[in-house]
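Participant: next input, structure requested:
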Amino acid sequence: MLSVPALAQQPPTDDDAPTFRVDQLALSSHVTVIAYGDQRFHDHLNFLIANPKARVALVKKIAQEKPDAVQMSGDVPFRGADPDDYQEYANETNPWRDAHLRIYPALGNHELSGGETKGVDAWWKAFPELQGMRWYSVALGNRIALVQLDSNSALTPGSKQIQWLRAQLAGLAPSVDFVMISLHHPPVADIQTEEHVNHNPRPNEIALRDFIAQVEPTLHAAIVVIAGHIHNYERAQYKGVAYLVSGGGGAEPYKVTRTKDDLYQDPAFPNFHYVKFELEKDQLKATMYRLADPDASKLKWEEKDHFVIAMKK
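Facilitator: Reported below is the predicted structural model:
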């Protein structure tokens, strides 16, 4: 079995109800969620498509953090149809199982590498609790809702997934103060004109951005959106919603030209990192932790970005 421990008990499959629930009493007294993406688990001797040293260091550091949940925004394997990549995922994430972490992955494009049907079947085999689903939600205690979307599927107006998301947001319990949406392809990112132009936001995810802008003012909960796909770190605001690119999970780093709208302007590169969200009385406090040098004999973690998601009044 390649998955981490059971996600949680699954309730009836009503579109406006959480797919999974984690009881508040099962969480720590200081609830934390870690988000990051683009690990590309693959041959641990292959340094071309990913940096295995950085990938392993991130896994170990996250295990030491002992978060209440880990949101992964896709591209967990390098080749989704290759069982060896999920076996490498299982081998390298032993510290997560030892720490009994709750892991919530989203589908990326590399999960479908080698064929969509084979890729999704392999994903379900690696995470059997998700069998039959490509998107889902988690009620993480009383105050946080996690939503894992599939950006390989339509997010355009009237699509099945966006209708489901609309129902999920409309059905939020009154106690929910924060919604953390994770998906692979970014709805908001620095627009590139030279390198990695094909990683710019696509119409599918721009449609999601516009949908969130439409419904967010009607919600009692604040939203943060975390994507990957771009192997770097970016942070922006769009119509009152925070959008992150957190693709520093170990995959081959991508340089980006930062636009004026990027709230993160640090020139350091590469940005192997994770983002830690801590639930406080009236806010989610977020910190980006960057691995300074994966080759160093003593690893150093830098706090490179701080921001808060304020609870709505």
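
Participant: now do the strands in the stretch 51-200 of the chain.
Facilitator: For the stretch 51-200 of the chain, the strands defined by DSSP state E, counting those that start in this stretch cover 69-72, 103-105, 136-140, 144-148, 178-182.

Participant: helices or strands next to the fourth one in the packing?
Facilitator: Strand 144-148 is packed against strand 69-72, strand 103-105, strand 136-140, helix 160-170, strand 178-182, with contacts defined by 3 or more Cβ pairs under 8 Å, 6 or more residues apart in numbering; DSSP states H and E. All C-beta spots, glycine's among them, are computed from the backbone N, C-alpha and C.

Participant: I figured residue 122 hits residue 80, correct?
Facilitator: Yes: using Cβ atoms under 8 Å, residue 122 is in contact with residue 80, at 5.4 Å.

Participant: neighbour count: those two, which is higher?
Facilitator: residue 80 (27 against 24; other Cβ atoms under 10 Å).

Participant: where does that one land on pLDDT?
Facilitator: Note for residue 80: predicted pLDDT of 96.

Participant: check contacts around it.
Facilitator: The contact partners of residue 80, taken as Cβ atoms under 8 Å, 6 or more residues apart in numbering, are 110-114, 118-120, 122-123.

Participant: among those, which lie within helices?
Facilitator: Using DSSP state H, the members of the contacts of residue 80 that fall in helices are 118-120, 122-123.

Participant: just the buried ones from those residues, in PyMOL syntax?
Facilitator: Only the buried entries of the ones in helices among the contacts of residue 80 go into this PyMOL selection, using 16 or more other Cβ atoms under 10 Å:
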select buried, resi 118+119+120+122+123
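
Participant: residue 16 - nearest residue in space that isn't next to it in sequence?
Facilitator: residue 171 (2.9 Å; Cβ to Cβ, 6 or more residues apart in numbering).

Participant: residue contacts, the one you found?
Facilitator: Here residue 171 is in contact with 14-17 (Cβ under 8 Å, 6+ apart).

Participant: kind regards, and thank you for your time.
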